[in-house]
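In: Fold the following for me, if possible:
(chains A and B)
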Amino acid sequence: MTAKISVQDVRKTFPLKNEEFVALDGVSLDIADNEFVTVVGPSGCGKSTLMNVLAGLETPTSGRALVDGEDVVGPGPERGVIFQQYALFPWLTVRKNVEFGLKVAGLGAAERRERADYFIRIVGLEQFADALPKMLSGGMKQRCAIARAYAVNPSILLMDEPFGALDALTRVTLQEQLLETWSREKRTVLFITHDVDEAVFLANRVVVMAARPGRIYDVIDVDLPYPRTEEARLSPEFAQLRNRVWTSVYHQAPGIAAGR
Amino acid sequence: MSVPTSQVEAPAPPAASPRGATRRTRSRRSTLVVLNAVSIVGGIACWWVLALNGFQFPTPPEVVAKAVQLAGNGTLQEDVLASLSRVLAGFLIGSAAAIPVGFLMGWYTTARGLFEPWIQFFRTIPPLALLPLVLVLLGIGEVPKVFVIFLAAFLACVISTYQGVVSVDRTLINAARVLGAKDATIFAKVVVPASTPFILVGMRVGLGSAWATLVAAELLAAPAGLGYRMQQAQLYYDLATIFVSIVVIGVLGLVMDRLLLFAETRLTGWQERR
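Out: The predicted structure is shown next:
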């Protein structure tokens, strides 16, 4: 069986003044169907670049990015993306935002409305379906963005620090909600974060990246059972995994990791 | 024990005692209205006092009488009609041309490269400075006046539209793209609504500049119009008529600006005000 997502020896460079910046170097990663993978690492480790490559918003300088065994060429509705800045269309109501992708896909009004309402209910925004984004809090905006991404029925969700701009309490709430949504509507998820707790709590597998050049430093399996609750978060197993990931992120051995 | 989470978050700002807030806004607004009225009455009083004390102003009643007289014989209506039709024709054609050109410049590098030098160049020339040339080339009918007004409105609006298009948030475009939207859809459903606030600001500036250009153009060459009337009145030392024209020009400009402002609040109410 081929992997759902396969990243093969991807390198991505950006031109700087008189040299080139290596955002990703020799990155290889396979993600199975319906797996929840989080990517954590210091800033500048290329985690967002990795996501953009998979989303089709950036092309790798060399190497391949495959989804379902096919090369990624440009963005597509089978890969839903959730941005840190919510990226809701401020002139559209919550429902119209969620319907956006369905309209692009050419669905009829009745079907659009039905699908949109279903996902609006799943993220708990039914009372705000006709509200404009400016009326929503940050957490509600991000829930709307999640509903919008889900509505077009992607098989993959790419999430770029979606809860990064939220306060700690809201973040925990949304993490639990996301897992609940994910258990009801299984998808393959690649979730970028800089929060070690979040990375461990959500994932089947945590990918730790290192910077300069951006590369995969470590991959840690999280064998805690789902559904994960507050108990899981407070368990010694969680603490242990958390410590391992923490060490891997914050105490990266530079000599070894750089491979020099 | 899965946590029911939806009630943890409160909806953001409107919860903060809306009634108290509106009452405060309302009382502040009524204070403002009262102050506005006081200021207007005070200003007219000052004018009156100055007129009675040797300044060569007509008094307010004289101006009103003049206005009634001009309206009575149809001159005022004729002038207003002449001026308004010029300004509206120029303004509407100017905006209608500026919006597509601004979009093209913002969207296609080729269009930007071709249009930009000309727009930047003509932007530095007051449209009125072109009037002598235009009069020679286009004669002294309506066309040259409408043309300079068109130019004034066009230049103000095109720059603003272009700014709107280039400042559309990249993430919104990416968000539309990952939802499957192609260029045409992104343009119509993202770029156009996102730049609407900029376009409306451009139209307001354009209208102001069109109005200013109109009056000046009429001062130079016109068979009728508010500017023309003032110019004639100046020859006969008819200060009351000049005052009537000034007031009418001001009121008409204000009304048009308010109409656009109203359109702006209706069309761009979705914006988050910070």
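
In: now the helices for the stretch 51-200 of chain B?
Out: Under the criterion DSSP state H, counting those that start in this stretch, the stretch 51-200 of chain B contains helices at B:60-72, B:75-107, B:109-123, B:131-138, B:142-166, B:170-178, B:183-186, B:192-220.

In: And the ones you listed: which comes nearest chain A?
Out: For the helices of the stretch 51-200 of chain B, proximity to chain A was assessed by C-beta to the nearest C-beta; helix B:170-178 is nearest, at 3.8 Å. Just so you know, the C-beta spots here come from the backbone N, C-alpha and C atoms, and that holds for glycine as well.

In: quick one: low-confidence parts of the stretch 1-150 of chain B?
Out: Low-confidence segments of the stretch 1-150 of chain B (pLDDT under 70): B:1-23.

In: mind redoing it with 50?
Out: Scanning the stretch 1-150 of chain B for pLDDT under 50 picks out B:1-18.

In: Over to chain A?
Out: Applying pLDDT under 50 to chain A flags residues A:255-260.

In: Kindly list the longest helix within it.
Out: helix A:168-184 (DSSP state H).

In: And that helix, what does it pack against?
Out: helix A:138-151, helix A:196-202 (3 or more C-beta pairs under 8 Å, 6 or more residues apart in numbering or on different chains; DSSP states H and E).

In: let's see 10 Å
Out: strand A:36-40, helix A:109-122, helix A:138-151, strand A:156-160, strand A:188-193, helix A:196-202, helix A:230-234 (3 or more C-beta pairs under 10 Å, 6 or more residues apart in numbering or on different chains; DSSP states H and E).

In: list the buried ones in that helix?
Out: For helix A:168-184, the buried set under the neighbour-count rule, 16 or more other C-beta atoms under 10 Å in any protein chain shown, comprises A:170-182.

In: Can you get me a residue count around the residue nearest to B:V165 when sequence neighbours are not counted?
Out: Excluding its sequence neighbours, the residue lying closest to B:V165 (C-beta to C-beta, 6 or more residues apart in numbering or on different chains) is B:G106, at 2.5 Å. Using other C-beta atoms under 10 Å in any protein chain shown, B:G106 is surrounded by 21 other residues.

In: what sits against B:G106?
Out: B:R112, B:T161, B:Y162, B:Q163, B:G164, B:V165, B:V166, B:S167, B:V168, B:V191, B:S195, B:F198 (C-beta atoms under 10 Å, 6 or more residues apart in numbering or on different chains).

In: How about B:P193?
Out: By C-beta under 10 Å, 6+ apart, the contact set of B:P193 is A:F89, A:P90, A:W91, A:L92, B:V168, B:L172, B:L267, B:T268, B:W270.

In: Present these as CSV; the columns should include neighbour count, distance to A:G74 and secondary structure.
Out: Below are the contacts of B:P193 laid out as CSV (neighbours: other C-beta atoms under 10 Å in any protein chain shown; distance: C-beta to C-beta, whole Å; DSSP: H, G, I helix; E, B strand; the rest coil):
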residue, neighbour count, distance to A:G74, secondary structure
A:F89, 21, 21, coil
A:P90, 19, 25, coil
A:W91, 22, 26, coil
A:L92, 18, 24, coil
B:V168, 19, 20, coil
B:L172, 22, 18, helix
B:L267, 15, 32, helix
B:T268, 17, 32, coil
B:W270, 17, 29, coil
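
In: just curious, which of the residues you listed is nearest to A:Q252?
Out: Nearest to A:Q252, judged by C-beta to C-beta, of those is B:L172 at 35.3 Å.

In: Does that closest one touch A:F83 like I think?
Out: Yes: using C-beta atoms under 10 Å, B:L172 and A:F83 qualify as a contacting pair, with a distance of 9.4 Å.

In: Pull the longest helix of chain A out as CSV, backbone CA atoms only.
Out: Extracted in CSV, the C-alpha atoms of helix A:168-184 (Å, rounded to 0.1, in the frame of the first residue of the first chain):
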residue,chain,number,x,y,z
ALA,A,168,-3.9,29.0,26.1
LEU,A,169,-7.4,28.2,27.3
THR,A,170,-9.1,28.5,23.9
ARG,A,171,-6.2,26.5,22.4
VAL,A,172,-6.8,23.5,24.7
THR,A,173,-10.5,23.7,24.0
LEU,A,174,-10.0,23.7,20.3
GLN,A,175,-7.5,20.9,20.4
GLU,A,176,-10.1,18.7,22.1
GLN,A,177,-12.7,19.8,19.6
LEU,A,178,-10.4,19.1,16.7
LEU,A,179,-9.7,15.6,17.9
GLU,A,180,-13.5,15.1,18.3
THR,A,181,-14.2,16.3,14.8
TRP,A,182,-11.3,14.2,13.5
SER,A,183,-12.6,11.0,15.2
ARG,A,184,-16.0,11.6,13.6
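
In: And the contacts of B:P193, which two are furthest apart?
Out: B:L172 and B:L267 (17.5 Å).

In: just to revisit the earlier point, which member of the buried residues of helix A:168-184 is positioned nearest A:A151?
Out: Nearest member of those to A:A151, counting by C-beta to C-beta, is A:T181, at 12.2 Å.

In: Setting the sequence-adjacent residues aside, check what's closest to that closest one.
Out: Excluding the flanking residues, the one nearest A:T181 by C-beta to C-beta, 6+ apart is A:I122, at 5.8 Å.

In: gap between the one you found and chain B?
Out: Using C-beta to the nearest C-beta, to the nearest Å, A:I122 is found at 11 Å from chain B.

In: Specify the residue ranges that define each domain of chain B.
Out: Domains of chain B are assigned by automatic domain parsing as B:18-55, B:58-267.

In: okay, these, which one's buried deepest?
Out: With neighbours taken as mean count of other C-beta atoms under 10 Å in any protein chain shown, the domains of chain B reach their highest mean count in domain B:58-267, at a mean of 18.

In: from the chain's centre, how far out does that domain sit?
Out: 7 Å (C-alpha atoms, centre = their mean, to the nearest Å).

In: which residues does the nearest residue to A:R205 once chain neighbours are set aside contact?
Out: Excluding the flanking residues, the one nearest A:R205 by C-beta to C-beta, 6+ apart is A:V37, at 5.0 Å. A:V37 sits next to A:5, A:29-31, A:188-192, A:199, A:202-207, A:219, A:222 when contact means C-beta under 10 Å, 6+ apart.

In: Roughly how far does the closest residue to A:S235 other than its chain neighbours sit from A:D195?
Out: Closest residue to A:S235 apart from its sequence neighbours, by C-beta to C-beta, 6+ apart: A:L224 at 7.5 Å. From A:L224 across to A:D195, the span is 17 Å (C-beta to C-beta, to the nearest Å).

In: B:A263 now?
Out: Using C-beta to C-beta, we find B:A263 at a distance of 45 Å from A:D195.

In: For the stretch 1-150 of chain A, which segments count as helices?
Out: Assigned helices in the stretch 1-150 of chain A, in chain order: A:47-55, A:94-104, A:109-122, A:138-151 (criterion: DSSP H, counting those that start in this stretch).

In: Would you format those as JSON lines with mean neighbour count included?
Out: Below are the helices of the stretch 1-150 of chain A laid out as JSON lines (neighbours: other C-beta atoms under 10 Å in any protein chain shown):
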{"stretch": "helix A:47-55", "mean neighbour count": "24"}
{"stretch": "helix A:94-104", "mean neighbour count": "24"}
{"stretch": "helix A:109-122", "mean neighbour count": "16"}
{"stretch": "helix A:138-151", "mean neighbour count": "26"}
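
In: Any residues of the stretch 101-250 of chain B in contact with chain A? List them.
Out: Contacts of the stretch 101-250 of chain B with chain A, taken as C-beta under 10 Å from any C-beta of the partner chain, map to B:169-182, B:185-186, B:189-190, B:192-194, B:196-197.

In: Could you rerun that using 6 Å?
Out: B:T171, B:L172, B:N174, B:A175, B:R177, B:V178, B:L179, B:G180, B:A181, B:T185, B:P193 (C-beta under 6 Å from any C-beta of the partner chain).
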